[in-house]
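[1] Test case, fold it:
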Amino acid sequence: MGACDASGAAGLGGGRIAVADDEDNHLRVYDLSTAGPPVEVVDTRAQLANERGKHPEMDLEAAATVGNRVYWIASHSRKKSGKRAQSRLRLFATDLVRAENGAATLAVAGQAYERLLEDLVAAPGLARFNLAGAAARPPVEPGALNIEGLTDIPGTGHLLLAFRSPVPGGRALLVPIHNPAAMVERGETAQLGPPIELQLGGRGVRSVVSWGGAYWIVAGSPHGRAESRLYRWNGSGATEWISTVRFGELNPEALAEVSVGARTGLLVLSDDGERDMGAGPCKHLGDHAAKQFRGMWLEKAP
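    Numbers count the residues shown, from 1 in each chain. Below you'll find the predicted structure:
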């Protein structure tokens, strides 16, 4: 409870999960042993305010964990009006902090990196995708740039970002980032790896997470609502559609590896902003206590 538009998440261990809502800039920490409101709300305003001291919406879309650090990425898209928004051009980090009682919380680390879009546009290996043209389109237009996936590349300290759109040639686009720590700690230019194009049935990436020796991808329509699917990818070769997993009426937008006691698996969180709550869509409810989102637990078969 307390939010509708779950858009990115990271397991914190000890039965806790941090969740971003793409309608505000708060990171909410939940106790997975029980439903209910967040046990803590991490306010990023002090560290991530702009030069005017304001904190406009970042449109947070995804998170990735590397050791004790969680990276969070904004959509890098334009506003619905088509206007450019600097607050949406951000990659920032939080570090895991343990309280005296052992509970995990997050603290903003370093500075937000705001030149990733420039780096993507300037990369010679990405020139054929015309990301400059995609970034100039309003997000409702086909082919408009929108980043919704981020995960670690295990054992490297690198990140893998994934686009919901564009979907060049009907394939989902992913790009490695080799130096995320240097970007947020020292403002170094992003070092980008060769692009990866995956066949996800014409879908873009809504979320991706590395878990159990593979990447797990929620793929959905590049624009609007359509049936989302779960795919498994080993890091090379073809993807595998996990046809036995059906999301039903959920709008899956966040994946996170979590543990509760001896139980470990993936949580799929639903962006329920448009869900009818009787008094209208959830995102339009004025009372945060009345807002809620849903999740789905996934475990590998023995």
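[2] which residue sits farthest out from the middle of this protein?
    Most distant from the centre of the chain: residue 100, at 29.4 Å, with distances by Cα atoms, centre = their mean.
[3] if I look at that residue, how far off is residue 30?
    20 Å (Cβ to Cβ, to the nearest Å). In short, each C-beta sits where N, CA and C put it, glycine included.
[4] Which helix or which strand is home to the residue farthest from the centre of the chain?
    Using DSSP states H and E, residue 100 maps to neither a helix nor a strand.
[5] Equivalent analysis for the one 10 residues further on, please.
    Using DSSP H and E, residue 110 maps to strand 104-113.
[6] Also residue 47?
    helix 45-48.
[7] Just the buried positions in that helix, please.
    residue 48 (16 or more other Cβ atoms under 10 Å).
[8] can you check stretch 105-112 too?
    Applying 16+ other Cβ under 10 Å to stretch 105-112 flags 105, 106, 108, 109, 110, 111, 112 as buried.
[9] For the closest residue in space to residue 209 that isn't next to it in sequence, give the beta-bridge partners.
    The shortest distance from residue 209 to any non-neighbouring residue, by Cβ to Cβ, 6 or more residues apart in numbering, is to residue 255 (4.2 Å). Beta bridges link residue 255 to residue 268, judged by DSSP bridges.
[10] show me what contacts residue 255?
    If you count contacts by Cβ atoms under 8 Å, 6 or more residues apart in numbering, residue 255 has them with 9, 207, 208, 209, 216, 218, 266, 267, 268, 269.
[11] So which residue is smack in the middle of the chain?
    Within the chain, and using Cα atoms, centre = their mean, the residue nearest to the centre is residue 62, at 1.1 Å.
[12] Whatever helix or strand that residue lives in: partners in the sheet, and parallel or antiparallel?
    Assessed by DSSP H and E, residue 62 sits inside strand 60-66. Applying DSSP bridges, strand 60-66 is found paired with strand 69-74 (antiparallel).
[13] State the mean pLDDT of the strand it pairs with.
    Mean pLDDT, computed over strand 69-74, is 97.
[14] Need the residues that contact it.
    Outside strand 69-74, the residues touching it (Cβ under 8 Å, 6+ apart) are 8, 10, 18, 20, 27, 58-65, 87-96, 106, 109, 147, 150, 159, 161, 180-181, 184.
[15] I'd assumed residue 268 was in contact with residue 299.
    No: in this structure residue 299 lies outside contact range of residue 268 using Cβ atoms under 8 Å: 11.6 Å.
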